[in-house]
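**Q** predicted model, plus sequence, below.
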Amino acid sequence: MSERLEDARNVLSVEGLTLDLAGGHAQPRLVDDVTFAVPAGGAVALIGESGCGKTMTAMAVLGLLPAGIRPVAGSVRLGDRELLNRPERELAGIRGREIGTIFQEPMSSLDPTMTVGDQIAESRRLHLGERRGTARSRARELLDRVGIPDAARRLRAYPHELSGGMQQRVMIAAAISCDPRLVIADEPTTALDVTIQAEILGLLRDLQRDSGVAVLLVTHDLGVVADFCEDVVVMYAGHVVERSPVTDLFASARHPYTRALLRSVPAGRAPRTPLDVIPGRVPSAGDFPAGCRFRPRCEYAVDACARTEPVEARLDGGTGGHAARGTRCLRVAAGEIELQEAR
């Protein structure tokens, strides 16, 4: 167990989470031995390519796993309360009240038949028992808080009447409407231009400062990670392959997969310079290779990588009170390869 999981300040502690896929396409250890923690007022990023298990991990925290996928090992704790395998009735009382969620596509998450005011107020009426008038008044205050002008009028608007940036702000207002301890943000800045993206991140940062809410950010955008998060959890094919404070990760990525991800970022490159790409693709569930799951795409792979599945090895300590760094690579752990600058 990492030192960080033992910290009483952690709002969310995920330890050894393992998910199996049952049915005709059964796949054991679809998500395997995932461990990380999010402290009060902190922001932790889950990063990796599509299909690496980021969203599945977040859905396990919420108790919203798709049919056929079930937790078979590990622990997910909100404070000192275990969430795995809780009755749906109990989880429904936690979602929205203690855990807020911001989805990446507000137009597919907001109800087109309800005004945004009613959608924000609904959570307070359900979880806090407020009357309709009181809840709508609080909804107007929340729209003000997230920076929507003329909130009293926008309260009566339907989602399609708002811009993409305003829709995302409504999603944030709904997510924080009951003052949750944790917000899970799944690609909250997708499809937003850079100006609106900066405003959304600034809004989330203000919420952290003002209320101490913890944020679990699921994203592909390394720029957002660098700007917003303190710690990073890198996932590949259901495994955590690297855990690190964000400054350490960008200064010296350790796992070959993380290094390859950082090399593929176009920022700072001369115009018309070809981008680095990672050959191949993330293996499908049920088709994971023997040994290291990244081995077929890794430039450092040797025969031993096919014979042994690596476990996470602790590296040097983190900085500024962060958790110690860790990586899931046989050769890095053995000191056989030295990964210095990420780019």
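**A** Yep, it's here. Numbers count the residues shown, from 1 in each chain.

**Q** host element of Gly100?
**A** Secondary-structure element containing Gly100, defined by DSSP states H and E: strand 99-102.

**Q** strands along the stretch 151-300 of the chain, start to end?
**A** Remark: strands of the stretch 151-300 of the chain, listed N- to C-terminal, are 182-186, 214-218, 231-236, 239-245; assignment by DSSP state E, counting those that start in this stretch.

**Q** ok so, going back, packing partners for the strand holding Gly100?
**A** Taking 3 or more Cβ pairs under 8 Å, 6 or more residues apart in numbering; DSSP states H and E as the contact definition, the neighbouring helices and strands of strand 99-102 are helix 54-62, helix 164-175, strand 182-186. C-betas here are computed from N, CA, C, even on glycine.

**Q** alpha carbons of it, in PDB - could you do that?
**A** What follows is strand 99-102 as a C-alpha-only set of coordinates in PDB (Å, rounded to 0.1, in the frame of the first residue of the first chain):
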ATOM      1  CA  ILE A  99     -19.800  12.700  -5.600                       C
ATOM      2  CA  GLY A 100     -20.500  15.100  -8.400                       C
ATOM      3  CA  THR A 101     -19.900  14.100 -12.100                       C
ATOM      4  CA  ILE A 102     -19.000  16.300 -15.100                       C
END
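
**Q** and the next element down the chain from it?
**A** As the chain continues past strand 99-102, the following element, by DSSP H and E, is helix 106-109.

**Q** need the contact partners of that next one.
**A** For helix 106-109, the surrounding residues in contact (Cβ atoms under 8 Å, 6 or more residues apart in numbering) are Phe103, Pro159, His160, Gly164, Gln167, Gln168, Val170, Met171.

**Q** and these, which are buried?
**A** When these are checked for burial by 16 or more other Cβ atoms under 10 Å, the buried set is Phe103, Pro159, Gln167, Gln168, Val170, Met171.

**Q** next one: the first one from Ala37, what distance?
**A** It stands for Phe103. Applying Cβ to Cβ, to the nearest Å, one obtains 23 Å for the distance of Phe103 from Ala37.

**Q** with Ala45 instead?
**A** Taken as Cβ to Cβ, the spacing of Ala45 relative to Ala37 amounts to 13 Å.

**Q** picking that back up, which among the helices and strands packed on strand 99-102 is found nearest to Gly41?
**A** For these, the distance to Gly41 is smallest for strand 182-186, at 11.0 Å, taking Cβ to Cβ.

**Q** quick one: which two of the buried ones among the contacts of helix 106-109 are the most distant?
**A** Of all pairs drawn from the buried ones among the contacts of helix 106-109, the one with the largest separation by Cβ to Cβ is Phe103 and Pro159; the distance is 12.7 Å.

**Q** joint contacts of these two?
**A** Between them, Phe103 and Pro159 share no neighbouring residue, with contact defined by Cβ under 8 Å, 6+ apart.

**Q** domain-wise, how is this structure divided?
**A** With domains defined by automatic domain parsing, the chain comprises 3-98+180-333, 111-179.

**Q** now mean pLDDT too, for those, in TSV please.
**A** Formatted as TSV, the entries for the domains of the chain read as follows, by pLDDT from 0 to 100:
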stretch	mean pLDDT
domain 3-98+180-333	88
domain 111-179	91
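
**Q** ok, now how distant is the residue located most distally from the centre of the chain from Asp179?
**A** In the chain, the residue that sits farthest from the middle, by Cα atoms, centre = their mean, is Gly133; the gap is 34.4 Å. In this structure, Gly133 and Asp179 are separated by 20 Å, where distance is defined by Cβ to Cβ.

**Q** Cys305 too?
**A** Counting by Cβ to Cβ, the gap from Cys305 to Asp179 is 47 Å.

**Q** so between the two, which is more surrounded?
**A** The neighbour comparison of Cys305 against Asp179 (other Cβ atoms under 10 Å) goes to Cys305, with 22 against 13.

**Q** can you list contacts of whichever strand or helix holds that one?
**A** Here Cys305, judged by DSSP H and E, is contained in helix 303-307. Contact with helix 303-307 is made by Pro289, Ala290, Gly291, Cys292, Arg295, Cys298, Leu330, Arg331, as judged by Cβ under 8 Å, 6+ apart.

**Q** of the buried ones among the contacts of helix 106-109, which is the nearest to Pro256?
**A** Of those, the one sitting nearest to Pro256 (Cβ to Cβ) turns out to be Phe103, at 31.8 Å.

**Q** distance of Leu17 from Cys229?
**A** Between Leu17 and Cys229 the distance is 20 Å, computed by Cβ to Cβ.

**Q** meant to ask about Ser108
**A** 25 Å.

**Q** and Asp248, by the same measure?
**A** On the measure of Cβ to Cβ, Asp248 and Cys229 end up 12 Å apart.

**Q** name the residues of stretch 257-273 that come out as buried.
**A** Neighbour counts over stretch 257-273 (16+ other Cβ under 10 Å) mark Tyr257, Thr258, Arg259, Ala260, Leu261, Leu262, Val265 as buried.

**Q** typo on my end, it should be stretch 275-285
**A** Taking 16+ other Cβ under 10 Å as the basis for neighbour counts, the residues of stretch 275-285 that come out buried are Ile278, Val282, Pro283, Ala285.
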